[in-house]
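A.B. asks: Turn this into a structure:
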Amino acid sequence: MLRLLMLASLACLAYAQAPAPSGNAQKGKQLFQSYGCYQCHGREAQGGTGTGPRLAPKPIAFSAVTKYVRQPTGQMPPYTAKVVSDQDLADIYAFLSAQPQPPSAKSIAILNN
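C.D. replies: Next comes the predicted model:
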């Protein structure tokens with residue numbers, strides 16, 4: 001029984017850490033706009049106060065994004081595979097992954113006066 005639980009845990013961990021499918025970040029940016037994701041998550045997926053959370057840079061695992069997009073638990077509407085294809089979701093994830101880190105506050109002169 002313990003071995004079965006360990007194997008199941010390892011399988012779940014492998015699934016969560018599985019690499020994202022190949023996607024096109026440029027197309028993903030267009031899809032992020034056309035599906036209206038930007039309305040809650042910001043144009044660069046930076047999130048906003050009182051709206052959707054920050055999605056980028058460094059998005060959560062692709063499997064977690066897919067699960068939440070397909071079956072959200074919050075206020076976000078579900079996007080089934082009929083609405084957002086798996087490839088479109090991979091492209092959006094590529095866009096999220098391509099977002100650069102913002103500059104540190106220490107590197108912004110006006111904030112350090």
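
A.B. asks: hey, let's count contacts and neighbours off CA atoms from now on
C.D. replies: Fine.

A.B. asks: residue ranges with poor pLDDT in this structure?
C.D. replies: 1-18 (pLDDT under 70).

A.B. asks: residue boundaries of the helices in it?
C.D. replies: 2-17, 25-34, 38-41, 62-70, 86-98 (DSSP state H).

A.B. asks: by contact count, what packs against the fourth one?
C.D. replies: Using 3 or more Cα pairs under 8 Å, 6 or more residues apart in numbering; DSSP states H and E, the elements in contact with helix 62-70 are helix 2-17.

A.B. asks: Give me the neighbour count for residue 60.
C.D. replies: 15 (other Cα atoms under 10 Å).

A.B. asks: again with the one 10 residues further on
C.D. replies: By the other Cα under 10 Å criterion, the neighbourhood of residue 70 contains 16 residues.

A.B. asks: again, but for the one 4 residues further on
C.D. replies: Applying other Cα under 10 Å, we find 9 residues neighbouring residue 74.

A.B. asks: Quick check: the gap between it and residue 102.
C.D. replies: According to Cα to Cα, to the nearest Å, residue 74 and residue 102 sit 27 Å apart.

A.B. asks: so what's residue 71 up against?
C.D. replies: Residue 71 sits next to 78, 79 when contact means Cα atoms under 8 Å, 6 or more residues apart in numbering.
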